[in-house]
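K.L.:
Take a look and give me a structure for this.
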Amino acid sequence: MLALIGIACIPLLVSGGFIRLKVVVLKDRKLKKIHAKSAHMASEAAGAVRTVASLTREDDIGRIYSHALEEPLQISMKSGLKSQCLYAASQGISFLIIALVFYVGCLWLIDGRYKTNEFFTVLTSVIFAAIQAGNVFNFVPDASKAGSSAHALFRLFDNEPEIDALSTEGIMLDTSKVVGHIRMEGIHFRYPSRPAVRVLRDLTVDVPAGTLYVVPQPQGQG
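P.N.:
Have a look, this model is predicted:
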């Protein structure tokens, strides 16, 4: 009965740690979306660094980027405070459970309902159970990172490209019979962002057949 009293209180630790885990996971997802906006802005500014420098907008870009990081900082601080409060509660409850077992056990020892060795056996078991239940939530941040990584991996595995290079559908050419000679003349190219600057001017590309050289493998090796 004394052990059941202590064990019945342990779900409080589990529920507190589970709520903390949900808070951390939701925080990571929200921060990832918000940081994506600021990272995109920083990438655009870095890509157009010449334009930014020519317009002397470095300070403005830095100020805008700093402002974009304020919201993630506030969310991180609020969720961190909630998470640590739940963690402190889950750790503190374990000592309350131990105190409760001590109190009830002492009363039953006085009444002669329990022997000393039985009391300390139950007390030690409940103490270790409560401590280990509290220690489980030390791994909550790692579990959150593992969940985010697993989600990213599954999203990568489930990604279907628009052009499947391994598809066997359509017309398959026999490489042993195909002989090609590719020649492109008068190639001109400009980047859409800089239409006034011509990158390629009257370029000619000539690729005769058989110019691709494949190194043969030694005999006896796969």
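
K.L.:
what's downstream of the lowest-mean-pLDDT helix or strand in the chain, the next helix or strand?
P.N.:
Counting by mean pLDDT, DSSP states H and E, the chain has its least confident helix or strand at helix 2-47, which shows a mean of 74. Toward the C-terminus, helix 2-47 is succeeded by helix 49-54 as the next helix or strand (DSSP states H and E).

K.L.:
I would like the residues contacting that next one, please.
P.N.:
The contact list for helix 49-54 (Cβ atoms under 8 Å, 6 or more residues apart in numbering) reads 45, 58, 61. C-betas here are computed from N, CA, C, even on glycine.

K.L.:
The residue positioned nearest the centre of the chain: which element?
P.N.:
Nearest residue to the geometric centre of the chain (Cα atoms, centre = their mean): residue 148, 3.4 Å. Using DSSP H and E, residue 148 sits within helix 140-157.

K.L.:
got it, and residue 188?
P.N.:
Secondary structure (DSSP H and E) places residue 188 in strand 182-190.

K.L.:
and that strand, which strands flank it?
P.N.:
With DSSP bridges as the test, strand 182-190 is paired with strand 198-207 (antiparallel).

K.L.:
Need the contact partners of the partner strand.
P.N.:
With Cβ under 8 Å, 6+ apart, strand 198-207 has contacts from 181-191.

K.L.:
quick one: stretch 108-118 to chain centroid distance?
P.N.:
For stretch 108-118, the separation from the chain centroid amounts to 52 Å (computed by Cα atoms, centre = their mean, to the nearest Å).

K.L.:
in that stretch, what counts as buried?
P.N.:
With burial defined by 16 or more other Cβ atoms under 10 Å, the residues of stretch 108-118 counted as buried are 108, 114.

K.L.:
Quick check: mean pLDDT of that stretch?
P.N.:
In this model, stretch 108-118 has an average pLDDT of 83.

K.L.:
Likewise for stretch 173-186?
P.N.:
78.

K.L.:
Show me what that stretch is in contact with.
P.N.:
By Cβ under 8 Å, 6+ apart, the surrounding residues in contact with stretch 173-186 are 202-210.
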